[in-house]
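Trainee: my questions concern the predicted model and sequence given below.
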Amino acid sequence: MSIELINRVPSSLRPNEHPYMNGAWTPTHEEYDGTELEVIGQVPTDIDGVYVRNTENPVQDPIGRYHPFDGDGMLHVMSFRDGKAQYRNRFVRTKGFQAEQEAGRALWAGLAENPALSERPGWGAHGSLKDSSSTDVVVHAGKILSTFYQCGEGYRLDPYTLEQHGTEGWTPIDGISAHCKVDEATGELLFFNYSKHAPYMHYGVVGPDNRLKHYIPVPLPGPRLPHDMAFTENYAILNDFPLFWDPELLKRNMHVVRFRRDLRSRFAVVPRNGQPEDIRWFEADPTFVLHFLNAYEEGDEVILDGYFEEDPEPKSSNSAPPGFERMMAYLDQEMIRPKLHRWRFNLKTGQTREERLDDRILEFGVINNQYGGRKYRYAYSAINHPGWFLFDGLVKHDLETGESWSVRFGEGRYGSEPGFAPRVGATSEDDGYLVTFVTDMIADRSECVVYDAKTPSEEPVCRIILPARISSGTHATWGQGEAIRAAQSR
Ligand SMILES: [Fe+2]
């Protein structure tokens, strides 16, 4: 084994009872390189690329109330090639992280606090937040792009070494949201942002050369809280869901989210390089969608798959510790009840058709990214751990036959959003591996677990033991080695 502690980041965080700063969400402040790790089983020789997970790790004692999405972004990477696996983890050196390191304390209040308590001007549609770059991560143009769900600058890092390349240069003034989409067929990156000022949303396209090539307003009726987008070969799909900050309270700088069941959901179908006048809006049943799975075109229809929330504004949780009832309800999929759903937008008639694809509570789905925006067959969703923002297992769907298979991580074991790693020389869409980081609260350690995606079984192909137990977090991604090397040699 070869494990090197690279750095221990100074922290002012004090012990506390916060449910999302303890247990599987206990933050870590150490940065490691693990070049030779203990492996249970054998690392496959036909897996080539990087599995990257973003996590929230608060470093400074919070100003007032802490929300788990306030934590500083830390990336964990497991890179695979020739039957070998290497691990690294680093904080994203955001401007906010660095300023707080210099101050030795928190400078920004978080999402659950009064923005007026922030000591410095902040980022995010909410305003006055620290851009912690802790939500999402993609690999584009040979580099990682980590992003913040409330909109931030976007940070670039090397996918293998985690060398920091700072903020992304083309980021517009309103920043970029989490869930930029990489079209692996064209090398383009599609993104959006949102804000509290008109036109409230923009959409943009960045080329495979990492230059901004398109940027347009997507006018909305008011401030909205979009979290994800989708794309097909020819269109981007944006949204206007009836879940947004109460406009009257917002005038007093109070950010209280309300679900307006009396309004319709609206989806914007925008030609990929189109203008605002080319946007076509489609109406659908009221809901909120945190994450989409994929979209594609078929005949006259644009087909969109995602997780339809049955209760976007849940009642407070009965089981939460006092003071955390509302926060824990919004972090619990059992309360929000997202279900795999299909929308069909008919470009000829302007009509929408909807159907439920599965009645189980599922979210955080991934696909083989080579099929992003194209007709696809297989999806891999995460199973929620009731009461918590944690994942117990995975469900594979064959969307053609309707069959599905489940894999559970085991007692006290919580995984991350998986990445689909296509097998080198793959011959079909599901010919590959599912990779996840599992935090095992009983063994008090974390592992990178690799499953066969074609025939999912609870017996993994291999388990790679990480140098330390890592915190749970939000999103992860897979970057294919060949594509990274090709982009880096350009
Ligand atoms: Fe997300």
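Mentor: Alright, I've got the coordinates.
Trainee: alpha carbons only for contacts and neighbour counts from here, please
Mentor: Will do.
Trainee: does Ala284 touch Leu263 like I think?
Mentor: No - here Ala284 does not reach Leu263: they are 9.6 Å apart, not a contact under C-alpha atoms under 8 Å.
Trainee: and those two? Which one has more around it.
Mentor: Neighbour totals were compared for Ala284 and Leu263, and Ala284 leads with 18 against 15 (other C-alpha atoms under 10 Å).
Trainee: next up, phi/psi of that one, please.
Mentor: Its backbone dihedrals place Ala284 at phi -150, psi 180, with angles given as degrees, to the nearest 10.
Trainee: how close does it sit to Leu238?
Mentor: The gap separating Ala284 from Leu238 is 13 Å, by C-alpha to C-alpha, to the nearest Å.
Trainee: part of a helix, is Ala116?
Mentor: Yes - the assignment for Ala116 (DSSP: H, G, I helix; E, B strand; the rest coil) places it in a helix.
Trainee: could you find the closest non-adjacent residue to it?
Mentor: The shortest distance from Ala116 to any residue other than its chain neighbours is 7.6 Å, reached at Ser128 (C-alpha to C-alpha, 6 or more residues apart in numbering).
Trainee: and the pLDDT at Arg490?
Mentor: Note for Arg490: predicted pLDDT of 85.
Trainee: how far does stretch 297-313 stretch from start to finish?
Mentor: With C-alpha to C-alpha as the measure, the first residue of stretch 297-313 is 32 Å from its last.
Trainee: go on, stretch 384-395?
Mentor: End-to-end for stretch 384-395, by C-alpha to C-alpha: 11 Å.
Trainee: repeat for stretch 144-157
Mentor: Between where stretch 144-157 begins and where it ends, there is a gap of 5 Å, by C-alpha to C-alpha.
Trainee: what's in contact with that stretch?
Mentor: Contacts made with stretch 144-157 from outside it, assessed by C-alpha atoms under 8 Å, 6 or more residues apart in numbering, are listed as 54, 92, 94, 123-126, 131-139, 143, 158-159, 163-168, 171, 174-179, 193-194, 227.
Trainee: what about the nearest residue to Arg53 once chain neighbours are set aside, how many neighbours?
Mentor: In space, not counting the residues next to it along the chain, Arg53 is nearest to Ala476; the distance is 4.0 Å by C-alpha to C-alpha, 6+ apart. Neighbour count of Ala476, defined by other C-alpha under 10 Å: 26.
Trainee: likewise Thr455?
Mentor: Counted with other C-alpha under 10 Å, the burial measure for Thr455 works out to 12 neighbours.
Trainee: which phi and psi values does it adopt?
Mentor: Phi and psi for Thr455, reported as degrees, to the nearest 10, are phi -130, psi 80.
Trainee: same thing with Ala483?
Mentor: The phi and psi torsions at Ala483 (degrees, to the nearest 10) take the values phi -70, psi -40.
Trainee: which residues touch it?
Mentor: So, once contact is read as C-alpha under 8 Å, 6+ apart, Ala483 ends up touching Gly142.
Trainee: related to what we said a few turns ago, what subset of the contacts of stretch 144-157 is buried?
Mentor: With burial judged by 16 or more other C-alpha atoms under 10 Å, the buried subset of the contacts of stretch 144-157 is 54, 92, 94, 123-126, 131-139, 143, 158-159, 164, 166-168, 171, 174-179, 193-194, 227.
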